[in-house]
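Visitor: Provided below are the primary sequence and the corresponding predicted coordinates.
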2 protein chains.
Amino acid sequence: MANGAPPATLVIGVLGGMGPQATADFLAKLTAATPAECEQDHLRVHIDSNPKVPDRSTALTRGGESPGPVLAAMAAGLERAGADFLVMPCNTAHAYEAEIRAAVGVPFVSMIDETCAACELTFPDAQRFGLLATSGCVEARLYQSAFARAGRATIVLAPADQERLTALLYRIKLGDRSHTVHDAMRAFGETLIDAGADAVVAACSEVPLVLGDGELSRPLLDATLQLARRCVRYAYGCEPLPAVCLSAT
Amino acid sequence: MANGAPPATLVIGVLGGMGPQATADFLAKLTAATPAECEQDHLRVHIDSNPKVPDRSTALTRGGESPGPVLAAMAAGLERAGADFLVMPCNTAHAYEAEIRAAVGVPFVSMIDETCAACELTFPDAQRFGLLATSGCVEARLYQSAFARAGRATIVLAPADQERLTALLYRIKLGDRSHTVHDAMRAFGETLIDAGADAVVAACSEVPLVLGDGELSRPLLDATLQLARRCVRYAYGCEPLPAVCLSAT
């Protein structure tokens, strides 16, 4: 391939920066998931890494400033830059998916939908999925609704633990990847498993920065990794993009 | 800061994807280098991660297709997207810096110039800097010229070793971060030190993906990390941006 024309691939637009380390993690996973024989086989990606987006969880749980308008503007900018489809490696921000979709003419590939589809495929016998997610993501019922559409149940932490988990995720956002944070994250995963989860979803993109599959007593499915893998398939044309405005959330 | 307005910071435009893992590494280092008390303190970054850019080293050493026009178009796109200044976490591509600068009205911060300045500051007594760089970067004399302007000498590998190093860098671009690659990179660093280098410059953004400071018998200075740190200072207004068209290369 090194001397021939690179394969025609779609350009990915990434609404990123929520948080910025999670966006770097997504780009690394996207690259690792791409079947490249030379650098030019890799995918072109326009990233708007914008950590200035108002806090999603605060907006959803405490009525803070809505990130919707900023996300819509970012999406429009990425479309103008040449993106053929958009993704957003921040689960909680998917609560504002409708505003994003309304702002652009290109498909938006939902991390939530793709992760649920991957869970169904990867764990066909699993009935209950535990959610390691922010309080905003849980309150917006993003994963609960998507799993319910697939006839699966979800398990979330009790309110006090859920608050502690959210605080932990914010520590990771500030760069703390210490053993303390890792151990606390693992403990929250085990709490979900003790409550009956057949598998756990890393449903916040900060989770895989400290905890990997194989570190819990049940499987951990990384939503960032799933999204990255699906992006490769869409960008290479292995399967058609979801229709514009697919999601019913 | 969490409840106040985020500080006014400049927006960074990144000509990336050369390679994509190096761009992810740059974003991670930029984030880690930012003194943030909350996510919103982090810097907004527009990234055009474009691995389709024609191979720089091939163009420089064997007359392959010039990446200049594509890089100029990427720079113009990043300026249109709102970038206040541009950077490019690929050392070799700086051979086309003049074309990039000519395409935009915003400053381009040179990774080469910033790294040389950091070397002077960090190692005031060092006279000879060893270069772990691609053959294209060496042949274009990017670091040799910049260090010469500062009155410092550079040491490069003998031609056969230089070819082997370039091949090794291309293995890293394809995702190989094995112990074999790490050990070979360390050996090239020690060869430069044996030849008289007081310090070694990781002058290709694939080098720090496999080799860190502290792993050689002399210091290793990571150009990606230096660029990231300088970006933070420029974006926060800690010091003025270099004038447009500063470089005399």
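Guide: Perfect, I can see it now. Since the structure is predicted, the reported quantities are computational estimates derived from the model, not experimental observations.
Visitor: List the contacts of the closest residue to A:P20 other than its chain neighbours.
Guide: Computed as C-beta to C-beta, 6 or more residues apart in numbering or on different chains, the closest residue to A:P20 that is not its neighbour in sequence is B:T31, at 4.2 Å. For every residue, glycine as well, the C-beta is placed using N, CA and C. B:T31 is in contact with A:G19, A:P20, A:Q21, A:A24, A:G175, B:H42, counting by C-beta atoms under 8 Å, 6 or more residues apart in numbering or on different chains.
Visitor: so A:L157 sits in a helix?
Guide: No: the assignment for A:L157, made by DSSP: H, G, I helix; E, B strand; the rest coil, is coil rather than a helix.
Visitor: Could you pull up phi and psi at it?
Guide: phi -70, psi 160 (degrees, to the nearest 10).
Visitor: who touches it in this structure?
Guide: A:L157 neighbours (C-beta under 8 Å, 6+ apart): A:L165, A:F188, A:T191, A:L192.
Visitor: what's the closest non-adjacent residue to the second one?
Guide: Spatial nearest neighbour of A:F188, excluding adjacent residues (C-beta to C-beta, 6+ apart): A:L165 at 5.1 Å.
Visitor: for the residue lying closest to A:P208 once chain neighbours are set aside, phi and psi?
Guide: With sequence-adjacent residues excluded and distances taken as C-beta to C-beta, 6+ apart, A:P208 is closest to A:D222, at 4.5 Å. Main-chain dihedrals, A:D222, degrees, to the nearest 10: phi -90, psi 110.
Visitor: Just the CA trace of the helix-or-strand element of chain A with minimal mean pLDDT, in CSV.
Guide: In chain A, no helix or strand scores lower on mean pLDDT, DSSP states H and E than helix A:56-62, which sits at a mean of 93. Extracted C-alpha coordinates of helix A:56-62, given in CSV (Å, rounded to 0.1, in the frame of the first residue of the first chain):
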residue,chain,number,x,y,z
ARG,A,56,-22.8,17.7,31.3
SER,A,57,-23.5,16.0,34.6
THR,A,58,-24.0,19.4,36.4
ALA,A,59,-26.5,20.4,33.7
LEU,A,60,-28.4,17.1,33.9
THR,A,61,-28.5,16.8,37.7
ARG,A,62,-28.5,20.4,39.0
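Visitor: Now do the helices in chain A.
Guide: A:20-33, A:56-62, A:68-81, A:97-103, A:111-122, A:135-139, A:142-149, A:159-173, A:179-194, A:223-235 (DSSP state H).
Visitor: can you redo these as TSV with distance to B:E97?
Guide: Converted to TSV, the helices of chain A look like this (distance: least, C-beta to C-beta, whole Å):
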stretch	distance to B:E97
helix A:20-33	24
helix A:56-62	39
helix A:68-81	22
helix A:97-103	35
helix A:111-122	37
helix A:135-139	43
helix A:142-149	45
helix A:159-173	34
helix A:179-194	41
helix A:223-235	30
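Visitor: B:A98 is nearest to which of those helices?
Guide: helix A:68-81 (24.1 Å; C-beta to C-beta).
Visitor: Next, the buried residues of that closest one.
Guide: For helix A:68-81, burial by neighbour count (16 or more other C-beta atoms under 10 Å in any protein chain shown) applies to A:G68, A:V70, A:L71, A:A72, A:M74, A:A75, A:G77, A:L78, A:E79, A:A81.
Visitor: before we move on, the earlier item: so which of the contacts of A:L157 wins on neighbours?
Guide: Scoring these on neighbours with other C-beta atoms under 10 Å in any protein chain shown, the highest-scoring entry is A:L165 at 27 neighbours.
Visitor: How about A:N50, nearest residue that isn't a chain neighbour?
Guide: That would be A:G17: by C-beta to C-beta, 6+ apart, it lies 4.2 Å from A:N50.
Visitor: In this structure that neighbour contacts A:S49, no?
Guide: Yes: shown here, A:G17 and A:S49 form a contact pair, counting by C-beta atoms under 8 Å, at 3.9 Å.
Visitor: Need the overlap of contacts for those two.
Guide: A:T23, B:R44, B:V45.
Visitor: wait, isn't the second one in contact with A:I47?
Guide: By that I understand B:R44. No: contact between B:R44 and A:I47 fails when scored by C-beta under 8 Å: they sit 10.7 Å apart.
Visitor: which of the two has more neighbours?
Guide: A:I47 (30 against 23).
Visitor: thinking A:F85 is in contact with A:R233, fair?
Guide: No: the criterion here is C-beta under 8 Å, and A:F85 misses it with A:R233 at 11.6 Å.
Visitor: In terms of neighbours, single out the busier of the two.
Guide: Taking other C-beta under 10 Å, A:F85 and A:R233 do not tie; A:F85 has more neighbours (21 against 13).
Visitor: Now the more buried one. Nearest residue, chain neighbours left out?
Guide: Per C-beta to C-beta, 6+ apart, closest to A:F85 is A:P107, 4.6 Å.
Visitor: Which residue ranges make up the domains of chain A?
Guide: A:12-110+A:225-235, A:111-222 (automatic domain parsing).
Visitor: Now A:Q162: closest residue in space that isn't a chain neighbour?
Guide: Using C-beta to C-beta, 6+ apart, the closest residue to A:Q162 is A:S135 (5.5 Å).
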